[in-house]
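*Asks:* with the sequence up front, the predicted model follows.
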Amino acid sequence: MDTSFWTNQWGDKILFGHGSSRSAGAALCFNDFPGEIITHQTDTEGHWLTALVKTDDAFIILCNIFRYNNDNQNKTTLEDLTKVILELRGQYFTDYILMGGDWNMIPD
C-alpha cells in the first residue's frame, strides 16, 4: 500500500480505508477542499470509510463503500455504517450525508 505515492499523484489530501493487497479498500480524495476534516473512521477490512467535514459552517458526513461478495456481510456492513452515521449525526447535528462507492448491493 503506497499511500505516499497515491497522495503525491493526487496532489492533495486522501483518507484511506485499507483492505488487503488483493481486495477491498476505500478512499476519500480531497482537492482544494476549503473546509476542515473533523474526524474519519473505517472498518478493519477496508469495506467502508466515513469522514466528517466542516465547510461553510455546516457539517457533512461523507461515506465510501466497497461491497462484499456476500449478502450477509453486506447487510452487516450497512448496519455498522448506519451506527457510525447515527453517532456522528448525534454529535454534530447534521442531516447532510453524501454516500458513494461500489453499490452492487441492495439493502432491505
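*Replies:* Arrived safely, thanks for sending. Numbers count the residues shown, from 1 in each chain.
*Asks:* middle-most residue in the protein, spatially?
*Replies:* Nearest to the mean C-alpha position of the chain, counting by CA atoms, centre = their mean, stands Leu49 at 2.5 Å.
*Asks:* hang on, isn't that residue packed against Thr39?
*Replies:* No - with contact defined as CB atoms under 8 Å, Leu49 and Thr39 do not form a contacting pair (11.7 Å). The C-beta positions use only the backbone N, C-alpha and C, and glycine is treated the same way.
*Asks:* so where do the strands sit in the chain?
*Replies:* With strands called from DSSP state E, the chain shows them at 14-17, 26-29, 36-42, 48-55, 58-66, 97-102.
*Asks:* I'd like those strands as TSV, with mean pLDDT and distance to Lys83 appended.
*Replies:* As requested, the strands of the chain are exported to TSV (pLDDT from 0 to 100; distance: least, CB to CB, whole Å):
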stretch	mean pLDDT	distance to Lys83
strand 14-17	76	16
strand 26-29	81	17
strand 36-42	93	11
strand 48-55	94	11
strand 58-66	92	12
strand 97-102	87	14
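*Asks:* will you turn the ones you listed into TSV that also has distance to Asp2?
*Replies:* What follows is the strands of the chain, written out as TSV (distance: least, CB to CB, whole Å):
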stretch	distance to Asp2
strand 14-17	11
strand 26-29	13
strand 36-42	18
strand 48-55	18
strand 58-66	18
strand 97-102	21
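*Asks:* can you tell me which residues contact Ile38?
*Replies:* Ile38 makes contacts with Ala51, Leu52, Val53, Lys54, Phe59, Tyr92, as judged by CB atoms under 8 Å, 6 or more residues apart in numbering.
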